[in-house]
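**Student:** Whatever this is, show me its structure:
(one chain, ligands or ions: 2)
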Amino acid sequence: MSGQTEEFTPLNADQVRMYTCGPTVHDYAHIGNFRTFLFEDLLRRVLMQQGYQVTQVMNLTDVEDRIIKKAADKGITIDEFTKPYIEAFFEDLDTLRIERAERYPRATQHVAEMVSLIEVLNGKGHTYVSDGSTYFRIATFPRYGRLAHLDVSGLKAGARVDVDDYGKDDPRDFVLWKARKPGEQSWDTPLGAGRPGWHIECSAMSMKYLGESFDIHTGGVDNIFPHHENEIAQSESATGKTFARYWLHAQHLQDAVGEKMSKRLKNFSTLRDLLAEGYQPRAIRYALITGAHYRSPLAFSPELLKAADSSVKRLDEFAVRLGPVPSPLAGEGQGGGLEVRQRWDDALRDDLNLPAAVGHLFEFIKAFNTRLESGKATADERAAAMAMLRHANRILDVIEFPQALGAEVERLIAERQAARDRRDFARSDEIRQQLLAMGIQLDDTKDGPRWKRIR
Ligand code: AMP
Ligand code: ZN
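**Tutor:** Ligands and ions are numbered 1, 2, ... in the order given. Have a look, this model is predicted:
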């Protein structure tokens with residue numbers, strides 16, 4: 001809200017309560033949406049790695065203009081219409097390894113809470129009714145516009161909008177409760193037959209699950225106005241308290257010519273599209289979280305995905321090259337006292353600068369590879385490097401670590417080595433083929449055989 005980087009301190013010492021605006025389930029989410037959800041996953045993971053306990057709530061917007069229209073066109077209920085998209089959303093979260101929030105409340109299941117909140121606003125004189133719909137009168141909330149840094153001095157009294165999403169910087173009275181229209185699904189409530197506007201759901205559900213004041217509220221930059229501005233106006237007018245204490249917004253994922261990726265412009269890809277084109281989920285995740293700092297726009301392109309794919313492979317290879325280390329957890333707490341560990345943590349603590357953190361990690365990998373090649377790296381150093389890699393992967397979640405080999409594989413590798421030692425290359429090749437069939441590829445190096453898993 002200040003437009004500055006501020007020091008973060010939660011209301012309760014070691015707990016963070018955060019609310020993240022979720023998807024509108026009128027269709028499959030596109031990867032622009034997932035850039036924002038991945039930024040929230042990053043925030044959550046960094047807070048947890050810093051030792052906080054995180055309670056994250058993400059709403060599912062399952063009633064709004066487009067959903068109502070599409071359901072009515074198909075002649076089915078809202079629930080029937082949204083069900084497959086909600087299921088797809090959770091599948092996509094798993095594919096991208098986005099950690100689950102603690103709660104995913106749905107708007108349609110919180111209409112009573114929204115009605116109560118609107119009634120409180122009615123009681124305090126913040127609303128008016130016109131043609132059966134209830135509007136929030138923003139002239140009653142002098143702080144309106146503070147988040148979006150809008151000048152509301154030219155506010156036109158009584159100018160109002162019915163649609164949920166409207167013009168860029170034109171503050172108007174917004175709808176809290178929409179009167180029923182013929183053919184639309186509606187709720188019978190003390191406010192009349194109708195349905196909630198979009199903004200009220202996030203105020204009602206965030207305060208229900210996180211309290212009237214909570215720590216962090218996030219979304220994409222397009223949420224700032226009018227959505228988040230309206231959430232603040234509704235919530236603070238009702239409670240008289242600060243609503244969310246810190247606001248973080250992800251910049252947009254853009255197409256190749258710098259336009260916001262959106263359904264409306266039809267310049268979007270879904271996760272499913274990219275998987276069908278053969279891209280790996282890990283590369284997509286990596287591209288969207290490291291491609292740019294969350295507050296900078298990111299241009300989406302096949303090149304971005306290809307670069308991400310090769311970075312992920314380099315991380316995998318480094319894990320393999322470190323070879324078996326004394327204990328996978330040795331030095332985990334300290335990152336083995338490595339300087340890179342401090343740099344990594346500092347970058348993330350500085351407003352989640354993951355691109356910088358990853359830069360430090362790759363510098364370290366490059367230097368360590370040289371050490372490995374010269375044969376100077378000790379077992380302890382390798383363990384420390386492995387601990388650092390695991391520490392980084394707690395945030396990145398893209399590396400596939402080599403797993404310990406089974407006893408049978410170990411035995412075959414030893415038998416093959418014995419065959420090579422007695423120059424029985426026929427037997428050695430036979431075992432190599434046998435291991436390949438088991439998904440283990442052996443390469444002979446001057447330090448002895450190295451293995452890797454192949455997919
Ligand atoms: P929606 O499903 O439209 O409500 O959007 C879900 C989330 O995705 C919101 O937090 C939006 O701000 C965010 N979002 C929408 N388009 C983009 C984009 N092109 N890049 C990043 N985030 C986006
Ligand atoms: Zn919201």
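
**Student:** Show me what from the stretch 1-150 of the chain comes close to ligand 1.
**Tutor:** Cys21, Pro23, Thr24, Gly32, Asn33, Arg35, Thr36, Thr61 (C-beta under 6 Å from any ligand atom). (C-beta placed from N, C-alpha, C; glycine too.)

**Student:** What segments of the stretch 201-350 of the chain are strands?
**Tutor:** 214-220, 244-250, 253-254, 298-299 (DSSP state E, counting those that start in this stretch).

**Student:** And the residue of the stretch 151-300 of the chain that's closest to ligand 1?
**Tutor:** Closest approach between the stretch 151-300 of the chain and ligand 1, counting by C-beta to the nearest ligand atom: Gly220, at 2.1 Å.

**Student:** If you drop the residues flanking it in sequence, what lies closest to that residue?
**Tutor:** Excluding the flanking residues, the one nearest Gly220 by C-beta to C-beta, 6 or more residues apart in numbering is Thr36, at 4.3 Å.

**Student:** okay, now Glu91: neighbour count?
**Tutor:** Counted with other C-beta atoms under 10 Å, the neighbours of Glu91 add up to 12.

**Student:** following the host helix or strand of it, which helix or strand comes up?
**Tutor:** Using DSSP states H and E, Glu91 falls within helix 78-95. Counting by DSSP H and E, the next helix or strand C-terminal to helix 78-95 is helix 111-123.

**Student:** now the helix or strand that comes right after that following helix: how far from the chain's centre is it?
**Tutor:** Where DSSP H and E defines the elements, the next helix or strand beyond helix 111-123 is strand 127-130. With C-alpha atoms, centre = their mean, to the nearest Å as the basis, strand 127-130 stands 37 Å off its chain's centre.

**Student:** so Glu119 makes contact with Pro190?
**Tutor:** Yes: between Glu119 and Pro190 there is a contact under C-beta atoms under 8 Å: 7.0 Å.

**Student:** ok, the residue nearest to Gly220 to Tyr294 distance?
**Tutor:** Here Thr36 is placed at a distance of 9 Å from Tyr294 (C-beta to C-beta, to the nearest Å).

**Student:** by how many degrees do the helix or strand harbouring Thr36 and strand 214-220 diverge?
**Tutor:** Assigned by DSSP H and E, Thr36 belongs to helix 31-49. Relative orientation of helix 31-49 and strand 214-220, computed by axes from the mean of the first three to the mean of the last three C-alpha atoms, to 10 degrees: 150 degrees.

**Student:** got the angle for helix 31-49 vs strand 244-250?
**Tutor:** 130 degrees.

**Student:** Send me helix 31-49 as PDB with only the CA atoms.
**Tutor:** This file holds the C-alpha atoms of helix 31-49, laid out as PDB (Å, rounded to 0.1, in the frame of the first residue of the first chain):
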ATOM      1  CA  ILE A  31      -0.600 -20.000 -17.100                       C
ATOM      2  CA  GLY A  32      -0.900 -16.300 -16.400                       C
ATOM      3  CA  ASN A  33      -3.200 -17.200 -13.500                       C
ATOM      4  CA  PHE A  34      -0.700 -19.800 -12.400                       C
ATOM      5  CA  ARG A  35       2.100 -17.200 -12.400                       C
ATOM      6  CA  THR A  36       0.200 -15.500  -9.600                       C
ATOM      7  CA  PHE A  37      -0.600 -18.700  -7.800                       C
ATOM      8  CA  LEU A  38       3.000 -19.800  -8.100                       C
ATOM      9  CA  PHE A  39       4.100 -16.400  -6.700                       C
ATOM     10  CA  GLU A  40       1.900 -17.100  -3.700                       C
ATOM     11  CA  ASP A  41       3.400 -20.600  -3.400                       C
ATOM     12  CA  LEU A  42       6.800 -19.000  -3.300                       C
ATOM     13  CA  LEU A  43       5.700 -16.500  -0.600                       C
ATOM     14  CA  ARG A  44       4.300 -19.300   1.400                       C
ATOM     15  CA  ARG A  45       7.400 -21.500   1.100                       C
ATOM     16  CA  VAL A  46       9.700 -18.700   2.000                       C
ATOM     17  CA  LEU A  47       7.700 -17.700   5.100                       C
ATOM     18  CA  MET A  48       7.700 -21.400   6.200                       C
ATOM     19  CA  GLN A  49      11.400 -21.700   5.600                       C
END
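
**Student:** could you point out which element follows that helix?
**Tutor:** Scanning forward in sequence from helix 31-49 by DSSP H and E, the next helix or strand is strand 53-58.

**Student:** Tell me how this structure divides into domains.
**Tutor:** Following automatic domain parsing, the chain resolves into domains at 15-254, 321-396, 407-453.

**Student:** Grab the nearest non-local neighbour of Met207.
**Tutor:** Here the residue nearest Met207, using C-beta to C-beta, 6+ apart, is Ser235, at 6.3 Å.

**Student:** before we move on, what about Tyr135?
**Tutor:** Asp173 is the one closest to Tyr135 (C-beta to C-beta, 6+ apart), at 4.5 Å.

**Student:** Run through the residues that contact the nearest residue to Ala292 once chain neighbours are set aside.
**Tutor:** Once flanking residues are discounted, Ala292 sits nearest to Leu298: 4.1 Å by C-beta to C-beta, 6+ apart. For Leu298, the contact set (C-beta atoms under 8 Å, 6 or more residues apart in numbering) comprises Arg35, Gln251, His252, Leu253, Gln254, Leu288, Gly291, Ala292, Leu304.

**Student:** Do you know the pLDDT at Leu298?
**Tutor:** pLDDT recorded at Leu298 is 98.

**Student:** for ligand 1, what are the nearby residues on the stretch 251-400 of the chain?
**Tutor:** Residues of the stretch 251-400 of the chain lying near ligand 1 (C-beta under 6 Å from any ligand atom): His252, Leu253, Lys260, Met261, Ser262.

**Student:** want to throw those into TSV with pLDDT, distance to Arg341 and neighbour count?
**Tutor:** Output for these, formatted as TSV (pLDDT from 0 to 100; distance: C-beta to C-beta, whole Å; neighbours: other C-beta atoms under 10 Å):
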residue	pLDDT	distance to Arg341	neighbour count
His252	97	32	22
Leu253	98	30	28
Lys260	95	37	18
Met261	95	35	21
Ser262	93	39	17
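
**Student:** With that, I have no additional questions.
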